[in-house]
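Undergrad: kindly generate the corresponding structure for this input.
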Amino acid sequence: MTQPSREVLADRLNAEPAIFKGCSSSELGVIVGIAALFWLPVSLLLAGLMGAVTMGFGLAGIGVVATVVVTATLFQRFKRNRPDGYYQQRFVIWLHDQGLRSSKLVRRSGSWDIGRSGYASLPLRDR
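TA: Residues are numbered from 1 along each chain as shown. Purely as a prediction, here's the structure:
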């Protein structure tokens, strides 16, 4: 019997594996869903105006595939050399800056203190 190779161990135990151009399956699912919600009505409308409604489904398929490739490439550039979950945090911060959602992230910069100052902060035995 041969011993199992140690090189087959998982690289990323705490994150979803990259499926296509650095995007995980959940990210690709969101991209496909949003692309389909956009391209299906648009392509059916355009094909209906040209008199071939069924051609709209083919146009929608091409539009969804093109959108997935372009968006995955943009995500790949945006995520390069950054930790897992970086762009989700940036999106939450952007929503907070726009006033659309509250953020649980600490966004304060500057020096921190414990909120006490002067004589009252000394221990009782040193007064």
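Undergrad: list the contacts for the residue nearest to Ala47 when sequence neighbours are not counted?
TA: Spatial nearest neighbour of Ala47, excluding adjacent residues (CB to CB, 6 or more residues apart in numbering): Gly56 at 3.3 Å. Placement of C-beta: from N, CA and C, glycine included. The contact partners of Gly56, taken as CB atoms under 8 Å, 6 or more residues apart in numbering, are 40, 43-48.
Undergrad: quick one: which of those sit in helices?
TA: Judged by DSSP state H, the subset of the contacts of Gly56 located in helices is 40, 43-48.
Undergrad: for this structure, what helix or strand is lowest in average pLDDT?
TA: Least confident element among the helices and strands of the chain, by mean pLDDT, DSSP states H and E: helix 86-98 (a mean of 87).
Undergrad: separation between the residue nearest to Ala47 and Ser111?
TA: Noted for Gly56: a distance of 60 Å to Ser111, by CB to CB, to the nearest Å.
Undergrad: again, but for Val53
TA: Distance from Val53 to Ser111, by CB to CB: 65 Å.
Undergrad: what about those two, which has more around it?
TA: Val53 (13 against 4; other CB atoms under 10 Å).
Undergrad: pretty sure the more buried one sits against Leu46.
TA: No: between Val53 and Leu46 there is no contact under CB atoms under 8 Å: 10.0 Å.
Undergrad: below-threshold pLDDT in this structure: ranges please.
TA: For the chain, the stretches with pLDDT under 70 are 1-13, 115-127.
Undergrad: do a quick rundown of the helices in it.
TA: 25-50, 55-79, 86-98.
Undergrad: now do the first one: which elements does it pack against?
TA: Right, the one you point to is helix 25-50. Here helix 25-50 is seen to pack against helix 55-79 when contacts are counted using 3 or more CB pairs under 8 Å, 6 or more residues apart in numbering; DSSP states H and E.
Undergrad: just the buried ones from the ones in helices among the contacts of Gly56, in ChimeraX syntax?
TA: The ChimeraX command for the buried members of these (criterion: 16 or more other CB atoms under 10 Å) is given here:
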select :40,43,44,47
